[in-house]
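Colleague: Sequence first, then the predicted structure:
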Amino acid sequence: MSYSSEYEASIQRPGEFWTEKAKQLEWFEFPDTPLAKDANGIDRWFVDGIMNTCHMALDYHVEQGRGEQVAIYYDSPVTQTKQAITYAELTARVATFAGALQEQGVKKGDRVLIYMPMVPEAAIAMLACARLGAVHSVVFGGFAASELAVRIDDAQPKVIVSASCGIEIDRIIEYKPLLDAAIEQAEHKPDNCIILQRPQAPASMIEGRDLDWHVAISDAPKAPCTPVNATDPLYILYTSGTTGKPKGVVRDNGGHAVAMRYSMSAIYNMQPGDVFWAASDVGWVVGHSYIVYAPLLTGLSTVLYEGKPVRTPDAGAFWRVAEEYKVKALFSAPTAFRAIKKEDPDAEFLKQYDLSALETIFMAGERLDPPTYNWVTGITGLPVIDHWWQTETGWGICSNLMGVDPKPCKPGSATLPSPGFDVRILDDEGNELGPNEQGNVAIKLPLPPACLPSVWGDFGRFKSGYLEQFEGYYTSGDGGYKDDDGYVFIMGRTDDVINVAGHRLSTGEMEEVLAGHPAVAECAVIGISCPIKGQLPIGLVLLKDGADIEEQQLNAELVASVRNTIGALACFKTALIAKRLPKTRSGKILRKLLRQISNGEDYSIPSTIDDPNSIPEIESLLRSHQLVASA
């Protein structure tokens, strides 16, 4: 089939299209109604379908004879531990832990908060909740107590599942004290906590509330799968909001399962029995969609990796894992490959490994800059597929459908809209723009399966945040354009567009230029206030290891490159060498925070930051160059 026929069918006949895709899964009662409005007037998928996500992901495969196939490869270089867990074993362990949750009173519709590192028990806990029809909310391990408390109060979990600690490259993060402090701060108190004790930092237990994981499962019965409605929630996943209060993105069971199964074959070209590796964390949406649910719903073997792209032990870590497990497709964020490039710019470690099984590398989570794209394609000789999606959608809004009709890649583009996503470029008044005109990226309703139907406990916030700016559209909050071929280019959040003397300029375009310099490993461009031109761009750059260039020379070369590529109207005159850039744990540069610092505004350090010490360093650097405005 062609991309155009697949895409047109999804837009012109969405009910028929997605009903056909739903047949790839085993339902208890197959849905007769593909699409209907709920009480809030929101489009909902498969409203009369009855199913269980855990049954579709585990029990079904065992029944089909895949019981001895590996479901999860667990690889932990930080603990020197590996496990290969078959579908039969995983099903039994999930059923047992679901029984343990049942014994703590968890039932359909209850919430269970999961606060764990990258260990198999995290996935087991997620699937056990799905088995019971309970709603899980995974919080990234190591979140500060105050942030965890906010999520406890919002989700109001009956039980919290956690571990004694998480293990980083050079430190151990004790989770249990953070959890205890969060529960102390929260107004809502869970009935029980189930704690996985890790030998690296055993935790003290609170009598009457805390229960050891292994004690909990020691005599627990195996719980059967609870039938749920397709529109019942599967999980809540918190994402940052403009107000500072996190938004609980709600994911339903039916639409999610259908989209996950479809995307695994259509986008990633994965078939039952293949090995897939999403090098992310279960605390993020990528971990939910492509470490746990989509691979298991498809009958794949999925890799769960407790390590980093570098220093566990070296910049060859990704290549080692890909060789060892015969990974067919690897999916990670561009920041991971920039870290590898920084430590091993000539890809010497790559030469030590056999990547003959690896067919495709996928990237998402942030904009894939062309220099990183070109470096990875150059060293591997493999297709590198940039795709764009959000926590809110759960899967790729735009991608190259490698399992349907692969298209030529264009550096800087996420290729074409995925089936079901009617992507439009709108101006600020809601008028559709033509090719090569930058504007707001919006999606014409209805959204395809798996996209959020609400924000947990706050439909008003969902409506105001996503549906009110442009009537009949979902607002993505990203800016970009389509070229003459319909390829979509995402240039960053709409507030990453700066206005220089009346010219709207994308910081993403300037970052492309800076990142193309042979000495630059990574960069960020922000707009600073200017009394004459409104805003001026400045660049913050990290140098590659071993790069030998004076800041003055580098600045001159980067200024010339921006002038030659974008033009003098960009007024780019300043590039500063930084030791590090403030990032979230998932690798996203905190550009909004950089802007607040440079504008002299009050700011708060977000809970998702990876290294808080990077903030005073950057502020000191900007102040030393008189690039912080007076408050």
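Modeller: Great, that's in hand.
Colleague: From residue 354, how far off is the closest residue to residue 66 other than its chain neighbours?
Modeller: Counting by CB to CB, 6 or more residues apart in numbering, residue 66 lies nearest to residue 87, which is 5.2 Å off, once chain neighbours are set aside. C-betas here are computed from N, CA, C, even on glycine. Computed as CB to CB, to the nearest Å, the residue 87 to residue 354 distance reads 27 Å.
Colleague: okay, the two: which has more neighbours?
Modeller: Legend: neighbour count by other CB atoms under 10 Å for residue 87 and residue 354, higher for residue 87 (25 against 11).
Colleague: Can I get stretch 601-619 as CSV, trimmed to CA atoms?
Modeller: The C-alpha coordinates for stretch 601-619 follow below in CSV (Å, rounded to 0.1, in the frame of the first residue of the first chain):
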residue,chain,number,x,y,z
GLU,A,601,12.6,37.5,35.5
ASP,A,602,11.8,35.5,38.6
TYR,A,603,12.1,31.8,37.9
SER,A,604,11.8,28.6,39.6
ILE,A,605,14.0,25.6,39.0
PRO,A,606,11.8,22.8,37.6
SER,A,607,11.6,19.5,39.3
THR,A,608,12.6,17.7,36.0
ILE,A,609,16.0,19.3,35.9
ASP,A,610,18.9,16.9,35.6
ASP,A,611,21.7,19.1,37.2
PRO,A,612,20.5,22.1,39.3
ASN,A,613,24.1,23.4,39.4
SER,A,614,23.9,24.3,35.7
ILE,A,615,21.6,27.2,36.5
PRO,A,616,23.9,29.4,38.5
GLU,A,617,26.7,28.7,36.1
ILE,A,618,24.6,29.9,33.1
GLU,A,619,23.4,32.9,35.1
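Colleague: gap between it and the chain center?
Modeller: 21 Å (CA atoms, centre = their mean, to the nearest Å).
Colleague: now it: mean pLDDT?
Modeller: The predicted model assigns stretch 601-619 a mean pLDDT of 86.
Colleague: Go ahead and name everything in contact with it.
Modeller: Residues outside stretch 601-619 that contact it (CB atoms under 8 Å, 6 or more residues apart in numbering): 140, 143-144, 146-147, 240, 244, 540, 578-587, 590, 593-594, 596-597, 628, 631.
Colleague: in it, what counts as buried?
Modeller: By 16 or more other CB atoms under 10 Å, the buried positions in stretch 601-619 come out as 603, 606-610, 614-615, 618-619.
Colleague: Then stretch 531-551?
Modeller: Buried, per 16+ other CB under 10 Å, within stretch 531-551: 533, 535-544, 547, 549.
Colleague: And the buried residues of stretch 601-619, which is closest to residue 17?
Modeller: For these, the closest approach to residue 17 (CB to CB) belongs to residue 608, at 36.1 Å.
Colleague: thought residue 443 was touching residue 473?
Modeller: Yes - using CB atoms under 8 Å, residue 443 is in contact with residue 473, at 6.3 Å.
Colleague: Overlap of the contact sets of those two?
Modeller: Between them, residue 443 and residue 473 share the contacting residues residue 424, judged by CB under 8 Å, 6+ apart.
Colleague: measure the nearest residue to residue 328 once chain neighbours are set aside to residue 318 for me?
Modeller: Once flanking residues are discounted, residue 328 sits nearest to residue 274: 4.7 Å by CB to CB, 6+ apart. Distance from residue 274 to residue 318, counting by CB to CB: 18 Å.
Colleague: who's more crowded, those two?
Modeller: Taking neighbours as other CB under 10 Å, residue 274 and residue 318 compare with residue 318 leading, 28 against 22.
Colleague: Surely the more buried one touches residue 327?
Modeller: No - Residue 318 is beyond contact range of residue 327, at 9.3 Å (criterion: CB under 8 Å).
Colleague: Filter the buried residues of stretch 601-619 down to just the ones in helices.
Modeller: Among the buried residues of stretch 601-619, the residues falling in helices (DSSP state H) are 614-615, 618-619.
Colleague: Grab the longest helix from this protein for me.
Modeller: Secondary structure of the chain per DSSP H: the longest helix is helix 87-103.
Colleague: what's that one packed up against?
Modeller: Helices and strands touching helix 87-103, as assessed by 3 or more CB pairs under 8 Å, 6 or more residues apart in numbering; DSSP states H and E, comprise helix 60-63, strand 70-76, helix 120-132, helix 213-218.
Colleague: would you list those in JSON lines and tack on mean pLDDT, mean neighbour count and distance to residue 299?
Modeller: Conversion of these to JSON lines gives the following (pLDDT from 0 to 100; neighbours: other CB atoms under 10 Å; distance: least, CB to CB, whole Å):
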{"stretch": "helix 60-63", "mean pLDDT": "98", "mean neighbour count": "19", "distance to residue 299": "5"}
{"stretch": "strand 70-76", "mean pLDDT": "98", "mean neighbour count": "22", "distance to residue 299": "9"}
{"stretch": "helix 120-132", "mean pLDDT": "99", "mean neighbour count": "27", "distance to residue 299": "15"}
{"stretch": "helix 213-218", "mean pLDDT": "98", "mean neighbour count": "16", "distance to residue 299": "26"}
